[in-house]
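1. here is my input; please provide its structure:
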Amino acid sequence: MNKNTSWENVATWYDELLSNKDTYQEKVLLPNLLRLVGDIRGKKVVDIACGQGYFTRALFSAGALVSGVDASKSLIAFARKKGPKGITYYESNADRLIFFPPETVDIATCVLAIQNIENLGGTLKEIAKILKKGGVCYLIINHPAFRIPKESAWAYDEQKKVQYRRIESYLSQQKNKIDMTPGTSDIKKKEFTTSFHRSLQDYFKTFAKAGLAVTRLEEWISHRVSEKGPRQKAEDKARKEFPLFMALELKKQ
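-> Reported below is the predicted structural model:
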């Protein structure tokens, strides 16, 4: 178990964030995830890097037999407290899914978490191991081509009156510290998480090594709109052109 997971010290902040009704989780990720998984009544589902159980609870409400796994002790404590008792939670790294016998899981989900996991290959091999033959993993990630920590940003062309995405690096794998307390100047009070950037070819090669085939790929945009102003039209157009998230359906061969 990873007692030093970078999300342990921001567990309370993350739990409070998900109580907001205007999050990407609420407006974009959850409805699309439920659409992708379809009818899961009676299916055995494991939500990997489940955090405080936001998606785990939704999958349970849809009728699945759900378990959640996360490396953060505090996030698992939040998840267990929120219930319901029908969900079983385990504290463990994503590359150590020892609680599930091989080939017993119908569906695995991992939502906005794989970019925070260093051992990508080991995690995918564990997912493949616990999935039944023909079982599916739904992996949702920050779009690796447009959301690269510290190497991508919005920019505005005054002459053309267009907002665009500036990409400064893409193919190189990266490990970055993400400041989760940008409004705090006191370095002693700052909290950081760790994010790992991989290119699409990095992901797809690792999927193949784990015995997982990509059977669906979707790109999801923001639900938000800009306030009235001189850049509103350009900003709203850019939101529709540059997806924030990528959803992958991986099937065990």
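
2. run through the strands of the stretch 151-253 of the chain in chain order.
-> 152-157, 162-167, 174-179, 192-197, 212-220, 245-252 (DSSP state E, counting those that start in this stretch).

3. deepest-packed of the ones you listed, please.
-> Counting by mean count of other CB atoms under 10 Å, strand 245-252 has the highest mean neighbour count of the strands of the stretch 151-253 of the chain, with a mean of 20. Glycine gets a C-beta too; all of them are placed from N, C-alpha and C.

4. isn't Gln174 up against Glu151?
-> Yes - at 7.2 Å, Gln174 counts as touching Glu151 under the criterion of CB atoms under 8 Å.

5. ok, back up a step: could you export the strands of the stretch 151-253 of the chain as JSON lines, including mean pLDDT?
-> Shown next, in JSON lines, are those (pLDDT from 0 to 100):
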{"stretch": "strand 152-157", "mean pLDDT": "97"}
{"stretch": "strand 162-167", "mean pLDDT": "98"}
{"stretch": "strand 174-179", "mean pLDDT": "92"}
{"stretch": "strand 192-197", "mean pLDDT": "94"}
{"stretch": "strand 212-220", "mean pLDDT": "98"}
{"stretch": "strand 245-252", "mean pLDDT": "98"}
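
6. and Leu75, which of the ones you listed is closest to it?
-> Counting by CB to CB, Leu75 lies closest to strand 192-197 out of the strands of the stretch 151-253 of the chain; the figure is 12.1 Å.

7. for the strands of the stretch 151-253 of the chain, which one sits closest to Ala62?
-> Here strand 245-252 is closest among the strands of the stretch 151-253 of the chain (CB to CB), at 16.8 Å.

8. among the strands of the stretch 151-253 of the chain, which comes closest to Phe60?
-> strand 245-252 (20.3 Å).

9. strand partners of the closest one, parallel vs antiparallel please.
-> strand 131-142 (antiparallel), strand 212-220 (antiparallel) (DSSP bridges).

10. quick check: mean pLDDT of stretch 26-38?
-> Summarised as a single mean, pLDDT over stretch 26-38 is 98.

11. can I get that stretch in PDB? Just the C-alpha atoms.
-> Extracted in PDB, the C-alpha atoms of stretch 26-38 (Å, rounded to 0.1, in the frame of the first residue of the first chain):
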ATOM      1  CA  GLU A  26     -21.000  15.800 -12.700                       C
ATOM      2  CA  LYS A  27     -21.700  17.300 -16.100                       C
ATOM      3  CA  VAL A  28     -19.300  15.500 -18.500                       C
ATOM      4  CA  LEU A  29     -17.600  12.400 -17.100                       C
ATOM      5  CA  LEU A  30     -20.400  10.700 -15.100                       C
ATOM      6  CA  PRO A  31     -23.200  10.800 -17.800                       C
ATOM      7  CA  ASN A  32     -20.800   9.700 -20.500                       C
ATOM      8  CA  LEU A  33     -19.300   6.900 -18.400                       C
ATOM      9  CA  LEU A  34     -22.800   5.500 -17.600                       C
ATOM     10  CA  ARG A  35     -23.700   5.700 -21.300                       C
ATOM     11  CA  LEU A  36     -20.500   3.800 -22.300                       C
ATOM     12  CA  VAL A  37     -20.900   1.000 -19.700                       C
ATOM     13  CA  GLY A  38     -24.600   0.500 -20.600                       C
END
